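J.: My questions are about this predicted structure, shown below with the sequence.
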Amino acid sequence: MTYVENQVISMMRIAIVDDEQVFRKQLRDGLGQYGFDRNLDIFIDEYDSGSGFLESNKEFDIVFLDYQMQGLNGIETAELLRKRDQKITIIFLSSYPQMVFKSFEVNTYRFLIKPYDKKAMYDSLDSYLKMIELRCPIVLKVNGLTVRYEADDILYIEAQDKFCDVCMKNERFSVGMPLANIFDMLPKESFTQPHRSFVVNMYAIKKFDTHFVTMVNGDELPISRIQLKSFKSTYQTFCQRYLF
């Protein structure tokens, strides 16, 4: 997606990485129809291997990435991709639903089940466009400086008395604001509280049980007994709407 002065331009750059030629054609045709239906210009590149995709060094907004391929598999490809690009949206493709949790380790946006499903593909891209519209920058004061951040770069926030520690994808810092004030600035579609002292980005959750939520960077955060039911319900709704 391309931006000019906060205005969204109707263009998307998409990569399809899959070693099944028939499936690539189905998806390409479906994306073309989606662009027509939504009045978007969609530019598509196809790759039959993870290594070929990585070697291209092209920039994309979205990559549809097959989980099982010859050579580098989808997870290995995504791990290498994330080392150079934290922004690209990854949508995994697989015939094996049980692989969905493994895909969270590389900050996956959606997980689509093969064979090709037009509705699932449309829903995933509609959700992506809505997320882009909701992706509002937040402004925080850090070490006396006013700094603008993208909300989706935040993994979680931890309350520390009158201050908060903000854990980002690539850094961690303290801000002199109460947790509630920062939470009010964040999109509720993707942020929630598992504990009164923590706010988490649900896209950055790797797994959770009844006591802890594990983030994609490996940090374990507590889930309070009071918040457990609400947290599970909120996360389930999030997954149904944005990940499947």
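T.: Here it is on my side, so go on.

J.: Give me the domain ranges for this structure.
T.: Split into domains by automatic domain parsing, the chain comes to 2-134, 137-243.

J.: can those domains go into CSV with extra columns for mean pLDDT?
T.: Output for these, formatted as CSV (pLDDT from 0 to 100):
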stretch, mean pLDDT
domain 2-134, 85
domain 137-243, 90
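
J.: Need those domains in JSON lines (columns: mean neighbour count).
T.: Using the backbone N, CA and C atoms, a C-beta is placed for each residue, glycine as well. Below are the domains of the chain laid out as JSON lines (neighbours: other Cβ atoms under 10 Å):
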{"stretch": "domain 2-134", "mean neighbour count": "17"}
{"stretch": "domain 137-243", "mean neighbour count": "16"}
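
J.: Residue nearest the middle of the chain, spatially speaking?
T.: Y109 (3.8 Å; Cα atoms, centre = their mean).

J.: what's the spacing between the nearest residue to it once chain neighbours are set aside and V106?
T.: With sequence-adjacent residues excluded and distances taken as Cβ to Cβ, 6 or more residues apart in numbering, Y109 is closest to T89, at 4.6 Å. Here the criterion is Cβ to Cβ, to the nearest Å. By it, T89 lies 12 Å from V106.

J.: next one: N217
T.: Taken as Cβ to Cβ, the span from N217 to V106 is 12 Å.

J.: which residues does G32 contact?
T.: With contact taken as Cβ atoms under 8 Å, 6 or more residues apart in numbering, G32 is in contact with I42, I44.

J.: And for I16?
T.: R24, L27, R28, L31, I44, D45, E46, Y47, V63, F64.

J.: could you measure the first one against L31, distance?
T.: I take that to be R24. R24 sits 10 Å away from L31, going by Cβ to Cβ.
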